[in-house]
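Enquirer: structure for the following, please:
(one chain, ligands or ions: 1)
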Amino acid sequence: MAETNGSQSNRGADEQSLRMISSEPIGNEPVSDEELRPRALEGFIGQPLLKAQLQLFLDAARKRDVPPDHILLAGPPGLGKTTLAMIVANELQVPIRVTSGPAIQHAGDLASILSSLDEGEVLFIDEIHRLPRPAEELLYIAMEDFRVDVMVGKGPGASSIPLTLPRFTVIGATTREGMLPSPLRARFGFTAHLDFYPKGELERLIERSAEVLGINLAAGSARQLSLRSRGTPRIANRLLRRVRDWAIVHDLDEIGPDDVEAALELFQIDSEGLDRLDLAVLNAIVKNFDGGPVGLNNLSAMVGEESETVETVCEPYLVREGFLVRTPKGRVATQKAWQHLGLTPKDDVSKLF
Ligand code: ADP
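Expert: Sure thing, here's the model as predicted:
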C-alpha cells in the first residue's frame, strides 16, 4: 500500500481524540490498528447485508474482468471504512493508494495523484467531503470520463491538455455523506452505509482481536467489553488494549469480567460505555437546564467543550442509546438519562420532545 505524500489525515488532532472512547484514532494507534485489520471480506465481522452487497459487486467485476465502479463508504468514524477499502483492493489483488480530503489542498495535488495511477488501482480518499471544491470538480470528471485536464503554462497563455487515465476505482469514505455535492455522490456506483455494531458482533470482534494480540480472555470478558464499546470496533480494540495493560501490570494470565470492570473503571468508562464528558453533558442538561431543551452552544459552554466535539463525538451515541433527544428547541434529556444519573425524572419529561 502506498501512502500518498502529505496524506496524513487530521483525525485525532485535538483534545477530543484524547478521550478513551473517542471513535477517532489516538496518537500512534493507526499503526497498531494495522495488525487488527482483517485482510479479506470473510474476516470482516458483522454488517452482513453490506458484505453480501459488496461481495456481489466484486464478484461481478471479477467476472467481467473490469475494475469495479466507484464505491462510497459512509458512516461514523471507527466502523471499518478504511478496512473495507483495503479489503476491496486485496480481494481484487490490485494496489491501493491512500489519501484524504484535507491532504489535497489544490486541484493540482489530485491531478498528479490521478495521473500516476495504474490500470485497476484503487484510490482511497478518506474524508472525501473535505476535498476543496476545484479538486472535487476535477475528481468527478476523472471518475466519469477517466480523463484529467492538465494545465500547461500560466496566465493568458495557459492551456489545458486532456490526459487520458487508465480505469481505476475510487473508494471514498465520509462521516458526513450529506456534505458531498450531488454531482460527486452521483458518480459512485455503490454506496455502503456502515452502522454501529450490535453488541453480539462486537463481542465476536473482540474475541478475534484478542486472539490476534494473544490476549487470554475468560468467558464473559468479551461481552463486558462489548457493552462499553459504543458499537464501534475502533473503541472495542482500544479498550481491549487498555485491559491488556491492566493484566500485564497485575500479572494476570487470564482476564476475567471483574478485571475488565476494574480496568475500565480506572479509565472512567461506566456500565453503558459513557465517559466523563458524556456524563457531564447529561448532568448539565438535567441539573443546570432542568432537563432541557438547551441549545448546543449553551450546553457546550457549560461542559467546557467545543460544540463540535459535543455534537459529533458525544451526541450520536447518547441519541442512539436513548439518553438524549435533539429537538428543534434544543437538546432534551430522556427518562433513561435521569435514571442513569440516579435521579427521578420530571413527570412531564416526555412532553419536552
Ligand atoms: P474507519 O475508517 O471507519 O474510521 P477503520 O477501518 O480504520 O475505521 O477501523 C478501525 C479499527 O477497527 C481497525 O483496527 C479495524 O481493524 C477494526 N475494524 C473495523 N471494522 C471491523 C470489522 N468489521 N471486523 C474487524 N475489525 C474491524
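Enquirer: strands along the stretch 51-200 of the chain, start to end?
Expert: With strands called from DSSP state E, counting those that start in this stretch, the stretch 51-200 of the chain shows them at 71-74, 96-100, 122-126, 147-152, 159-164, 169-174, 190-193.
Enquirer: mean pLDDT lowest for which of those strands?
Expert: Ranked by mean pLDDT, those end with strand 147-152 at the bottom, a mean of 85.
Enquirer: now do that one against strand 159-164, angle only.
Expert: 150 degrees (axes from the mean of the first three to the mean of the last three CA atoms, to 10 degrees).
Enquirer: quickly run through the sheet partners of strand 147-152, with directions.
Expert: On the basis of DSSP bridges, the sheet neighbours of strand 147-152 come out as strand 159-164 (antiparallel).
Enquirer: residues in contact with the strand it pairs with?
Expert: 115, 146-153 (CB atoms under 8 Å, 6 or more residues apart in numbering). For the C-beta atoms, the positions are set from N, CA and C on the backbone; glycine is no exception.
Enquirer: next, the distance between the ends of stretch 273-292.
Expert: The stretch stretch 273-292 measures 23 Å between its terminal residues, going by CA to CA, to the nearest Å.
Enquirer: I meant to write stretch 117-130 there.
Expert: 21 Å.
Enquirer: tell me where the model's unsure across the stretch 251-353 of the chain.
Expert: 347-353 (pLDDT under 70).
Enquirer: ranges for the strands of it?
Expert: According to DSSP E, counting those that start in this stretch, the strands that the stretch 251-353 of the chain contains are 324-327, 330-333.
Enquirer: and of the ones you listed, who's closest to the ligand?
Expert: The closest of the strands of the stretch 251-353 of the chain to the ligand is strand 324-327. By CB to the nearest ligand atom, the value is 23.1 Å.
Enquirer: in the closest one, what's buried?
Expert: 324-326 (16 or more other CB atoms under 10 Å).
Enquirer: with stretch 156-166 instead?
Expert: Neighbour-count burial for stretch 156-166 [16+ other CB under 10 Å]: L165.
Enquirer: centre of the chain versus it, how much separation?
Expert: 36 Å (CA atoms, centre = their mean, to the nearest Å).
Enquirer: cool, stretch 317-333 as well?
Expert: 21 Å.
Enquirer: can you list contacts of it?
Expert: Counting by CB under 8 Å, 6+ apart, 196, 230-231, 272-274, 278, 281-282, 285-286, 291-296, 298-299, 315, 334, 336-337, 340, 349, 352-353 sit against stretch 317-333.
Enquirer: repeat that with 6 Å
Expert: Applying CB atoms under 6 Å, 6 or more residues apart in numbering, the contact partners of stretch 317-333 are 230, 282, 285-286, 291-295, 299, 334, 336-337, 352-353.
Enquirer: in the protein, which residue sits closest to the ligand?
Expert: G80 (2.7 Å).
Enquirer: using PyMOL, define a selection of the buried residues within the contacts of stretch 317-333.
Expert: Listed next is the PyMOL selection for buried residues among the contacts of stretch 317-333, using 16+ other CB under 10 Å:
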select buried, resi 230+282+285+286+291+292+293+294+299+334+336+337+352+353
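Enquirer: ok, the contacts of stretch 317-333 vs A142, which is closest?
Expert: The nearest member of the contacts of stretch 317-333 to A142, counting by CB to CB, is R230 at 36.7 Å.
Enquirer: tell me the two of the contacts of strand 159-164 that are most distant?
Expert: Of all pairs in the contacts of strand 159-164, the most separated under CB to CB is F146 and G153 at 24.3 Å.
Enquirer: more neighbours: the two, which one.
Expert: Between F146 and G153, F146 has the larger neighbour count (other CB atoms under 10 Å), namely 15 against 9.
Enquirer: once you drop chain neighbours, what's closest to the spatially most central residue of the chain?
Expert: Nearest to the mean C-alpha position of the chain, by CA atoms, centre = their mean, lies P77 at 1.5 Å. The shortest distance from P77 to any residue other than its chain neighbours is 4.3 Å, reached at S23 (CB to CB, 6 or more residues apart in numbering).
Enquirer: could you do D270 as well?
Expert: D270's closest residue in space is L279 (CB to CB, 6+ apart), at 7.2 Å.
Enquirer: how many neighbouring residues does that neighbour have?
Expert: Residues near L279, counting by other CB under 10 Å: 19.
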